[in-house]
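> Fold the following.
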Amino acid sequence: MSQAPAQQAVVALDGVTKSFELGRSTIGALQGVSMRALSGQMTALVGPSGSGKTTILNLVGALDHPSAGSVTVAGQDLNALGSDELADFRNRTVGFVFQNFNLIPVLTTLENVMLPTQIGRSEESEQVLVERACQLLDRVGLAAQMNQPVNRLSGGQMQRVSVARALMNQPKVILADEPTANLDHATSGKVLELLRALCAEEDAAVLVATHDPAVLPYCRTIIRMKDGIIVGTEDTRA
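So this is what the prediction gives:
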């Protein structure tokens, strides 16, 4: 009997160190971190403030660069890319879901979802892009609100818009920084279930930085961090 193909490590950090200069002091944010995040799965980064969770998201999203070690995302060594290539990488390969949604309040729901296609170059026609945005809004349950200004939506609806926007360019990786922090428990569960389902459908790796223990049951892998190092990794089979 043939075996199913192994899922790919879309994100790979190998021996990553990140330091920041603060006056005459050097702050070590990450110390020799190695980890993987697989396609079609959610991976949680858990730990207290200052443990290095957001630093990892910034490195994977090409918003910062390591002091030492390598960060490889979707087969690309980010250390080898120039500034223009990194900007293109961020737009095409990575989707972002933020704690505070980061939507443009004067734009409609549909226009917010389509923003990633306006920022970068797209080879698709406008009609194809609009159709994809409409399909995503339907998938997150907001088709009826597509022409509403986004500032008329509830917090949970805004976060669902940000999930749809993150998926618009069919990224290989979605980075979610405290995505449930501004949501109540019931709404958090709906958003997390949606994010997990969409990540499997789109075959994307989702990396979530969180303090919220309610996020963990939705994640296949839990990486526990403290003081810039990984202190434990759990495979939950979620």
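> tell me which element the spatially most central residue of the chain is part of?
For the chain, the residue nearest the mean C-alpha position is L175 (1.3 Å; C-alpha atoms, centre = their mean). Element membership of L175 [criterion: DSSP states H and E] is strand 173-177.
> next one: L86
With DSSP H and E as the criterion, L86 is inside helix 83-93.
> Now do that helix against strand 173-177, angle only.
90 degrees (axes from the mean of the first three to the mean of the last three C-alpha atoms, to 10 degrees).
> So which bits of helix 83-93 are buried?
L86, F89, R90, N91, R92, T93 (16 or more other C-beta atoms under 10 Å). In short, each C-beta sits where N, CA and C put it, glycine included.
> Just checking: what are the partner strands of whichever helix or strand comes after it?
Using DSSP H and E, the next helix or strand after helix 83-93 towards the C-terminus is strand 94-97. Paired neighbours of strand 94-97 in the sheet (DSSP bridges): strand 173-177 (parallel).
> Tell me which residues are up against the strand it pairs with.
10-11, 37, 54, 57, 60-61, 73-74, 93-99, 166-167, 195, 199, 204-210 (C-beta atoms under 8 Å, 6 or more residues apart in numbering).
> So which other helices or strands are in contact with the following helix or strand past it?
Downstream of strand 173-177, the first helix or strand assigned by DSSP H and E is helix 185-202. Helix 185-202 sits against strand 42-46, helix 155-167, strand 173-177, strand 205-210, with contacts defined as 3 or more C-beta pairs under 8 Å, 6 or more residues apart in numbering; DSSP states H and E.
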